[in-house]
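[1] can you look at this prediction? I've put the sequence above it.
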Amino acid sequence: MSLHAFLCPSVGFASNAESLVLNEEDAKRQNDEVDEVGFSCANFSPCSSQFLAITRNKDFLLWQRKDSGIWDLFMRRKLARKCVQVQVVGEKVLVADRAGDVYGLNLTEPGEELLLGRLSMALDLVLTSDEKYLIVSDRDEKIQVSHFPNCYNIAAFCLGHTQFVSSLTLIPDYPDLLLSGSGDGSIRLWRYADGSCLACVALAPLLEQENPPAVLKLCCHGSTVACLLERISQILVFKVEATSVSLMQKLNVGSNPWDAAWDENGCVWVLTPHHTSQPVQAFEITDRGLCLWDGGKEILLQMAEACSSLRGCQVQDRSHLYKQWFDNVEGYLKKKREREESRAARKRARLD
């Protein structure tokens, strides 16, 4: 089964061989209805039979897929914190919250286990395919690589970005490599086990602009990476090799993309809600690079209909993630000058 997930306000989408569209209408068939408050993060389980989402009201929701194709709302649990990322590992769910902590939730028992404590807002997390390392990026430029499940044992830090690290992706064709994207307008290739940086690509020159664009999302298929940028209607497609990252293609999608995901057949699905006619687009790998996929018209039409309510929505503003610089030198010099003048006035008064 091939699944594609897109995160957007109040709606989660999934497609598979049966051309199923998953949204909150499936949950309304159950006695427990889901409030339309929007998802802050969501993900599928590796087996694609479970869909997890966390709402902005801090509700953890778990759907399970029946043999009939209907998705049942299997679990609803209240969390104590707002979360930014969720991922399934066996019988445990990894949740990263805005405070920077990573918790493990057991699907069969109540309660949570603190796996990793941080002092900076977590923005993304990935678990390596062998489940030996948990990698977390944060607002303060750092990527922390910890041994899993004993995450107090830090293996390495990947340091080099100068702004928040917004997205991480592992490279399936090179299991020991990690690609990161940042608000500093660059992507970096790492050997994550020892924290060494193998390559760095500045994105502004590739777009022929001066201001560095923030990376919104990185997603990888094999060694091909799609890079989504904030307020840029192009997707940069890169080829990753053992020690290098090279640009393959600039893909124009006609509108600023919100999210993207690869399927197992090598098609990348892109969510562009503000596109005039194609709110969801699919591109397949060909000899000429990524080209529009001419199949799957039925599922694309279903997704387009489900996305119609998103046209009036705006993508989340990330300006607050940038470093804030304060010029306090002028104020300091002013107060120093006032102290010196006051001291000189008192000295003159004593002499008089």
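    Nice, I can see it. Residues are numbered from 1 along each chain as shown.
[2] just say helix, strand or coil for Arg343.
    helix (DSSP: H, G, I helix; E, B strand; the rest coil).
[3] and it, how far is that from Tyr332?
    Separation of Arg343 from Tyr332 (Cβ to Cβ, to the nearest Å) stands at 16 Å. Just so you know, the C-beta spots here come from the backbone N, C-alpha and C atoms, and that holds for glycine as well.
[4] please apply the same query to Asn153.
    For Asn153, the distance to Tyr332 - Cβ to Cβ - is 43 Å.
[5] also Cys197?
    37 Å.
[6] so which of these two has more stuff around it?
    Cys197 (14 against 10; other Cβ atoms under 10 Å).
[7] just give the nearest non-adjacent residue to the more buried one, would you?
    Gly160 (5.1 Å; Cβ to Cβ, 6 or more residues apart in numbering).
[8] which SSE is the residue positioned nearest the centre of the chain in?
    In the chain, the centroid-proximal residue (Cα atoms, centre = their mean) is Ser167; its distance is 4.9 Å. Assigning secondary structure by DSSP states H and E places Ser167 in strand 165-171.
[9] what sits up against that strand?
    If you take Cβ atoms under 8 Å, 6 or more residues apart in numbering as the criterion, strand 165-171 is touched by 123-126, 128-129, 135, 137-138, 141-143, 177-183, 214-220, 223, 225, 240, 318, 321.
[10] do stretch 87-94 as well
    With Cβ under 8 Å, 6+ apart, stretch 87-94 has contacts from 43-46, 50, 52, 60, 85-86, 102-108, 115, 125-127, 131, 134.
[11] so for it, what gets flagged as buried?
    Applying a neighbour-count criterion of 16 or more other Cβ atoms under 10 Å, one finds 87-88, 92-94 buried in stretch 87-94.
[12] for that stretch, what is the average pLDDT?
    For stretch 87-94, mean pLDDT is 87.
[13] show the end-to-end separation of it, please.
    In stretch 87-94, first residue to last residue: 5 Å (Cα to Cα, to the nearest Å).
[14] do the same with stretch 159-173
    Start-to-end, stretch 159-173 (Cα to Cα) is 23 Å.
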